[in-house]
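Student: predicted model, plus sequence, below.
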Number of protein chains: 2
Amino acid sequence: MARRAGVSTATVSRVLNTPDRVREETRARVDAAVAELGYTPHFGGRALASNRTNTVGAIIPTMENAIFAQGIQAMQDALSEEGVTLLVATSHYDAGREAAQVRTLLARGVDGLALIGHWRPDETYALLRQRRVPFVTMWSWAEGADHPFVGFDNRAAAAAMTERVLDYGHRQIALLAGVTKGNDRAAARLAGVQDALAAKGLRLVGDPIELRYDLEESAAAAARLLSRDQRPSVLICGNDVIATGALIGVRRLGLRVPQDVSVVGFDDIDLARAVDPPLTTVHVPHRRMGRAAAAMLCAMASGAEAPAPQLFDFELLERGSLGPAYAAVS
Amino acid sequence: MARRAGVSTATVSRVLNTPDRVREETRARVDAAVAELGYTPHFGGRALASNRTNTVGAIIPTMENAIFAQGIQAMQDALSEEGVTLLVATSHYDAGREAAQVRTLLARGVDGLALIGHWRPDETYALLRQRRVPFVTMWSWAEGADHPFVGFDNRAAAAAMTERVLDYGHRQIALLAGVTKGNDRAAARLAGVQDALAAKGLRLVGDPIELRYDLEESAAAAARLLSRDQRPSVLICGNDVIATGALIGVRRLGLRVPQDVSVVGFDDIDLARAVDPPLTTVHVPHRRMGRAAAAMLCAMASGAEAPAPQLFDFELLERGSLGPAYAAVS
DNA sequence: TTGTAAGCGTTATCAC
DNA sequence: GTGATAACGCTTACAA
């Protein structure tokens, strides 16, 4: 390509990177040659010479979870406006795989890294620091963390939802939580529910049940729970998939929501509006968090000092799956 | 790093790439140094010297569509077993953005590329061929195409579903299709429905309506359709999101599914099992297609000749949203 | 404003 | 089996 425009490779490089440092006429000539040959700079060469890749990485548990799909899509849209490519890797909720993916992404020279949640082995943080890669964590409020993050207070949100449930008169409350092992979001939500109950001197009906992100498993658990002697009047669910599963389980027993039993979810994914009754749930700004993380990483990759954590608000969304506790009243 | 093990960079390279071509003792020494320094080879340098990146790209419309999220996740899982990284880009259903993303991914030196569907400007194909990048198309059956693909016959599947609908006695049939512009899958599904009707000398009630991937828009369209004089007894929907929206629209009118009106979907995403009644739909093996595409790309990137297209079967899944056409009978 | 030339960290081709 | 050494395509002083 170099001399198709009759200039040196250096000038081509300038046209591409600092167009204002080159005479208009020369620039036009180079641009023409670029267009004509369909030239695209070689990524490897660029990375090697400049030690930057214009790439940031994100490691999420799985794309099959709609909240991450949304967040990552928003993040990618924001990054591509800045000419930055997003490299997405998945950990399947496994700390070991996450660490391996960190290594992979570091080897590819990412200029920054986004990770979900803040629970991970010290070794992973040590690796990140040793390589001096800017990183942010997402989706949770990492209180007192010494790294930037963008998230919201899962614990407070769960507590707020629980208080709302209590306002409706419910006292027989069961909790269908997500798997808390290695998942600070799920754990915080569980803790939030317990907080709100403890504040009123109440306790759950039975122990919290931890469920995977699976409709059938959740449906079965809900049905089992509702067949016990002391039937709960409300099922508080750790996410909307569990809540939807619970709805299915309730339906199988021939019970009605919310007349016979209430169900509340968390996340506000599409599913929440699609089911009948639509789910009362906690709205979480997944897309806004994705965009905010993108902005933070861009800033940090450009050498900015570690930005302040960004905390988003949640919102209680009443849609119909939470009603008064008739059963408890009778 | 090079001489921490007291060897040349060439030997380090051999240990990493062709370990069997180096003496056991030397190898051990290098491995030790690698571990000690936490060394990872520089991706850019590697790409520059070897002209391979162990990266393949995929361009999908959006990750927010669950079928692509599933397929891409499966593809990524399969690729990572081969040590290949997947670079995901999104086009938002826009041919121009797709072409731009092709350029971006080519610039990053991907060893192969996966694209959704086979409708795209000739220029995009020309670019792909000019750069000699192996590529496959996914999700549709590109009859007579001169490139490898992995997909299924959207048209035949839609026809089969329509025949099933006819078997239930429906004659007042409305079609809520996806947007067909630039989307061969949506267009093929629409054509399939028309095929099956034409074979029996039947016609749709009104024109096919094209809807975006949106619950509310679909709900509104369904409600409008069912408020007309000649009310359809069944709504055939181009995908499960539209079908779910239709379910919501039906519910708003106080009608029951399937007693008053039937609804059928397409894709079999999670949503289909979550709604009430669960959707009768076409099951599409999204994950298997993702894995198959990964295998094809790996083969092609390793220099294999263009593999034969891989066609997957669909499956009609009856779940409850399709019932007999009482209304039509009366 | 532009060209020259020295790297950047690998791999590949040779000798040894 | 291993070490020099020359690419690979780009960026970036530095010189012109």
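Tutor: That came through fine.

Student: now the residue in the stretch 101-250 of chain A that chain B sits nearest to. Nearest residue, chain neighbours left out?
Tutor: Distance from chain B to each residue of the stretch 101-250 of chain A (CB to the nearest CB) is smallest for residue A:107, at 3.9 Å. Heads up, the C-betas are built off the backbone N, CA and C, glycines and all. Nearest residue to residue A:107, sequence neighbours excluded (CB to CB, 6 or more residues apart in numbering or on different chains): residue B:40, at 3.9 Å.

Student: run through who's touching stretch A:144-159.
Tutor: Contact partners of stretch A:144-159, identified using CB atoms under 8 Å, 6 or more residues apart in numbering or on different chains, comprise A:118, A:125, A:135-142, A:184-185, A:188-193, A:195-196, A:236, A:266, A:282, A:284-285, A:289, A:292-293, A:296, A:300, A:306-314.

Student: so for it, mean pLDDT?
Tutor: For stretch A:144-159, mean pLDDT is 95.

Student: swap in stretch A:101-118?
Tutor: 93.

Student: same check, this time on stretch A:301-316
Tutor: Here the average pLDDT along stretch A:301-316 is 91.

Student: which stretches of chain A form strands?
Tutor: A:55-60, A:85-90, A:112-116, A:135-138, A:149-152, A:173-178, A:209-211, A:234-237, A:262-264, A:281-283, A:310-312, A:315-317 (DSSP state E).

Student: tabulate the ones you listed (a markdown table), appending distance to residue A:77 and mean neighbour count.
Tutor: Converted to a markdown table, the strands of chain A look like this (distance: least, CB to CB, whole Å; neighbours: other CB atoms under 10 Å in any protein chain shown):
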| stretch | distance to residue A:77 | mean neighbour count |
| --- | --- | --- |
| strand A:55-60 | 13 | 26 |
| strand A:85-90 | 9 | 24 |
| strand A:112-116 | 14 | 26 |
| strand A:135-138 | 16 | 26 |
| strand A:149-152 | 16 | 26 |
| strand A:173-178 | 27 | 24 |
| strand A:209-211 | 32 | 21 |
| strand A:234-237 | 30 | 31 |
| strand A:262-264 | 31 | 28 |
| strand A:281-283 | 20 | 23 |
| strand A:310-312 | 18 | 15 |
| strand A:315-317 | 23 | 15 |
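
Student: closest one to DNA strand C among those?
Tutor: With CB to the nearest atom of the strand as the criterion, DNA strand C lies closest to strand A:55-60 of those, at 16.0 Å.

Student: number of residues surrounding the residue of the stretch 101-250 of chain A closest to chain B?
Tutor: 16 (other CB atoms under 10 Å in any protein chain shown).

Student: ok so, going back, let me know the pLDDT of the residue nearest to residue A:107.
Tutor: Looking at residue B:40, the pLDDT reads 87.

Student: rewinding a little: between the strands of chain A, which one is nearest to residue A:15?
Tutor: With CB to CB as the criterion, residue A:15 lies closest to strand A:85-90 of the strands of chain A, at 21.1 Å.

Student: does any part of that closest one sit near DNA strand D?
Tutor: No - applying CB under 7 Å from any atom of the strand, one finds strand A:85-90 separated from DNA strand D by no less than 14.7 Å.

Student: sheet partners, orientation included, of that strand?
Tutor: When pairs are called by DSSP bridges, strand A:85-90 turns out to pair with strand A:55-60 (parallel).

Student: and the partner strand, how far out from the chain middle?
Tutor: 12 Å (CA atoms, centre = their mean, to the nearest Å).

Student: just the angle between that strand and strand A:112-116, please?
Tutor: Strand A:55-60 and strand A:112-116 are oriented at 10 degrees to each other (axes from the mean of the first three to the mean of the last three CA atoms, to 10 degrees).
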